[in-house]
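Trainee: show me how the following folds:
(chains A and B)
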Amino acid sequence: MYRRALTALQRFTLRLDVGMNRVYPTDWNPLYYTGGLTNLFLFILVLSGIFIFFYYVPSLVGAHASIVYLTEQVPYGGLIRGIHRYSADAFIVAALLHLFRNWFTDRYLFSRDSPWISGMFLLLFGGFAGVTGYIMVWDERGLALLGIFDGLLRSIPAAGTKLAEWLVGAAGVGEGTLPRILLLHVGPASLLYVLLWWHYVRLRHPKIWPPATWVLVSLGLVTLLAALLPVTSGIPATPGARPSTMPLDVFFLLPFWLAGVVPPFLVVLLVAGLFVAGLVIPYINRESPAEMGVRQPGVAQVIDGNCTGCELCYYDCPYNAIIMVPSPYPGLTRAAASRKLLAVVLDSRCIQCGICIGACPFEALELPGMLESDVTRRVEEAVRAAETVPA
Amino acid sequence: MSSASGASAQAWSPKVVGFVCDWAVATGDLTDERGRLTSHPSVVLIRVPCSGFIRPAWLEDALKAGADAVFVVGCPYGDCLNREGNYLMRERVDQLQRRLQRRKVEPERLSMLAHGLHDREAFLGEIAALLERLRQIGPASKGAAPARRAAAAPAEGS
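Mentor: Okay, the predicted model is just below:
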């Protein structure tokens, strides 16, 4: 059932690609750059966030006023606030597209699990930073959100009360609250960059940025949105008062809307359950590559005597699976006799794609399941087969 | 024009060897047991783990062994399962094309295609177009692929 759904979704994703490729040249297909777009929006968020940080006052009386001052008095302040809001939404949309795309095209299996796991943490902390961002505005919605957040924390058995005291403040909402929320906004946002290191560590030349055209289009889109639909604050928060309106942001605040419908502990369970489910996705229903019909030519092997230490395989390996070490002894061929370096394959990182074999001009790398002699034999067979065309 | 090319199609079908990435266009039911395309039996496919796996020397080998043309099929650019394989291969194919051109081998004899898993109509269309171009330039001359004869050529030309 799960497998059938995934196959259908993969087919749909690839169809979408083909359709998109008719509109854009393949190098520009935005669906191939969902990860780069996410990173771009994160970068816009950081820059606009630093600007807003200069004006933000994390106190009960000052928070709402400082945001209103930023929006109405500071030149371009309202625009930058709008850019911050809309690129946050775009960040979540792009991140979810990135997640689904890699899920449906099997890019999370086997040795690709570490980008998947780090991606789950990135999504969790990214979403959390979005929620605290809404609280920081400190209008009626912010206060209501803080109340729900507090309630969610307190509904956790045993640890809940302590957690709420640490994160919201010992005496409920007070002067200690907004500095904490500020930290809970900036902290997870900074943590995203630590997690991004984990996200990229196995990738050589990861596509971190989308093509320049899409950078300009994304920047233009959020700026246009911020200019046409300016972001405004609601009525200032007064602790104890009931909120009159509660506008819903579908990208960040769904769990908070849910908390009004079902008991808070169920919401906590749901969020935690979704997160854990995300973490186990690469490991459930796991077939071996052979069962999936994937060729397994084996981990690339360095033919030690031929390696000249030229580093070409090291530059081309997309998974950082080849490292260059000082050569302990000279190679056997003339080209390899005076080498300084020797290529070594890290088995745990190799996914057996064979790109290093294509990169090596010295016949110093082989895939055990598909040796160079196998390929040359097959080429000869192919030419002979092409000659004996059936009439 | 159509009658002329139709006649030459009857007369000669170019021998073509194609390397196809396992993750690119699915060809399971397009070929017979020796890898020949059923619609163009003089085109033979070899499946490889990734287009980036191919050493340019193997493409040259195929030309030397008597193929009239070689091509590589990778995934659409930007969508390589290994992120880089098809870009790397495109560069290698470009380099080899330039190198072969110095030996008077037409660039049409070497090409890099990109087709996704379910993209078989476009793939077959591209193959038909390739065969048509090959019919126009004719079979590979026996001495063209190895470098030896080219060294003597400039003397007659100048």
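Trainee: is B:Val70 in a helix, a strand, or coil?
Mentor: Following DSSP: H, G, I helix; E, B strand; the rest coil, B:Val70 is assigned to strand.
Trainee: any idea how far it is from B:Ser39?
Mentor: Noted for B:Val70: a distance of 19 Å to B:Ser39, by CB to CB, to the nearest Å. Every C-beta, even on glycine, is put in place using the N, C-alpha and C of the backbone.
Trainee: so for those two, which sits in the more crowded spot?
Mentor: B:Val70 (25 against 11; other CB atoms under 10 Å in any protein chain shown).
Trainee: that one against B:Pro14, yeah?
Mentor: No - if you go by CB atoms under 8 Å, B:Val70 and B:Pro14 don't touch, sitting 11.0 Å apart.
Trainee: if I pick B:Met89, what's in contact with it?
Mentor: If a contact means CB atoms under 8 Å, 6 or more residues apart in numbering or on different chains, then B:Met89 has A:358, B:51-52, B:54, B:72, B:74, B:112 as its contacts.
Trainee: and residue 97, what does it touch?
Mentor: In the absence of a named chain, chain A is used. A:31, A:34.
Trainee: that answer is for a different chain, and I need it for chain B
Mentor: By CB under 8 Å, 6+ apart, the residues touching B:Gln97 are B:107, B:110.
Trainee: is B:Ile46 in a helix, a strand, or coil?
Mentor: B:Ile46 ends up strand, using three-state DSSP.
Trainee: and for B:His118?
Mentor: Three-state assignment for B:His118 (three-state DSSP): coil.
Trainee: any idea of the pLDDT on it?
Mentor: In this model, B:His118 is scored at 83, pLDDT.
Trainee: got the domain ranges for chain A?
Mentor: By the assignment in automatic domain parsing, chain A contains the domains A:2-280, A:301-387.
Trainee: worst mean pLDDT among these?
Mentor: Among those, domain A:2-280 has the lowest mean pLDDT, at a mean of 88.
Trainee: turn the domains of chain A into TSV, columns for distance to B:Gln101.
Mentor: Rendered in TSV, the data for the domains of chain A read as follows (distance: least, CB to CB, whole Å):
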stretch	distance to B:Gln101
domain A:2-280	25
domain A:301-387	19
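Trainee: B:Ala62 is nearest to which of these?
Mentor: Among the domains of chain A, the nearest to B:Ala62 by CB to CB is domain A:301-387 (4.9 Å).
Trainee: quick check, the closest one touching chain B?
Mentor: Yes - Domain A:301-387 is in contact with chain B by CB under 8 Å from any CB of the partner chain, via A:316, A:318-319, A:351-355, A:357-361, A:367, A:370, A:372, A:375-376, A:378-383, A:385-387.
Trainee: okay, and which of these map to helices?
Mentor: Among the residues of domain A:301-387 next to chain B, the members found in helices (DSSP state H) are A:316, A:355, A:357-359, A:372, A:375-376, A:378-383, A:385-387.
Trainee: now the buried members of those residues.
Mentor: Buried members of these, counted by 16 or more other CB atoms under 10 Å in any protein chain shown: A:316, A:355, A:357-359, A:372, A:375-376, A:378-379, A:381-383, A:385-386.
Trainee: C-alpha coordinates for stretch A:326-338, PDB please?
Mentor: C-alpha atoms of stretch A:326-338 as PDB (Å, rounded to 0.1, in the frame of the first residue of the first chain):
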ATOM      1  CA  PRO A 326      50.200  10.900   1.600                       C
ATOM      2  CA  SER A 327      51.400   8.000  -0.500                       C
ATOM      3  CA  PRO A 328      53.100   5.400   1.700                       C
ATOM      4  CA  TYR A 329      55.000   3.900  -1.200                       C
ATOM      5  CA  PRO A 330      55.500   4.700  -4.900                       C
ATOM      6  CA  GLY A 331      53.100   3.300  -7.500                       C
ATOM      7  CA  LEU A 332      54.000   0.600 -10.100                       C
ATOM      8  CA  THR A 333      53.400   2.400 -13.400                       C
ATOM      9  CA  ARG A 334      55.600   5.100 -14.800                       C
ATOM     10  CA  ALA A 335      53.000   7.800 -14.200                       C
ATOM     11  CA  ALA A 336      52.500   6.600 -10.700                       C
ATOM     12  CA  ALA A 337      56.100   6.200  -9.700                       C
ATOM     13  CA  SER A 338      56.700   9.700  -8.300                       C
END
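Trainee: what sits against residue 40?
Mentor: Looking at chain A here, since you left the chain open. Applying CB under 8 Å, 6+ apart to A:Leu40 gives the contacts A:209-210, A:214-215, A:218.
Trainee: hmm, I had chain B in mind actually
Mentor: Taking CB under 8 Å, 6+ apart, we find B:His40 in contact with B:13, B:16, B:127-128, B:131.
Trainee: spell out which parts of the stretch 101-250 of chain A neighbour chain B.
Mentor: When proximity is defined as CB under 8 Å from any CB, the stretch 101-250 of chain A approaches chain B at A:105, A:107, A:203-207.
Trainee: go again using 6 Å as the cut-off
Mentor: Within the stretch 101-250 of chain A, no position lies close to chain B (CB under 6 Å from any CB of the partner chain).
Trainee: over to the residue of the stretch 101-250 of chain A at minimum distance from chain B. Which of the three states is it?
Mentor: Using CB to the nearest CB, the single residue of the stretch 101-250 of chain A nearest to chain B is A:His205, 6.5 Å away. Secondary structure, three-state DSSP: A:His205 is coil.
Trainee: tally of neighbours for it?
Mentor: A:His205 has 14 neighbours, counted by other CB under 10 Å.
Trainee: quick one: residues contacting A:Arg202.
Mentor: A:319-320, A:349 (CB atoms under 6 Å, 6 or more residues apart in numbering or on different chains).
Trainee: how about 8 Å then?
Mentor: A:Arg202 is in contact with A:111, A:114-115, A:319-320, A:349, counting by CB under 8 Å, 6+ apart.
Trainee: swap in B:Leu130?
Mentor: B:Leu130 touches B:16, B:69, B:71, B:108, B:111, counting by CB under 8 Å, 6+ apart.
Trainee: repeat that for 10 Å
Mentor: B:14, B:16, B:18, B:40, B:43, B:69, B:71, B:108-109, B:111, B:113 (CB atoms under 10 Å, 6 or more residues apart in numbering or on different chains).
Trainee: most surrounded residue in those?
Mentor: B:Val43 (30 neighbours).
Trainee: that one: what's it in contact with?
Mentor: B:Val43 is in contact with A:382, A:385-386, A:389, B:13-18, B:30-31, B:35-37, B:67, B:69, B:71, B:124, B:127-128, B:130-131, counting by CB under 10 Å, 6+ apart.
Trainee: quick one: residues contacting A:Trp103.
Mentor: Contact analysis of A:Trp103 by CB under 10 Å, 6+ apart lists A:6, A:9-10, A:13, A:116, A:119, A:278, A:281-282.
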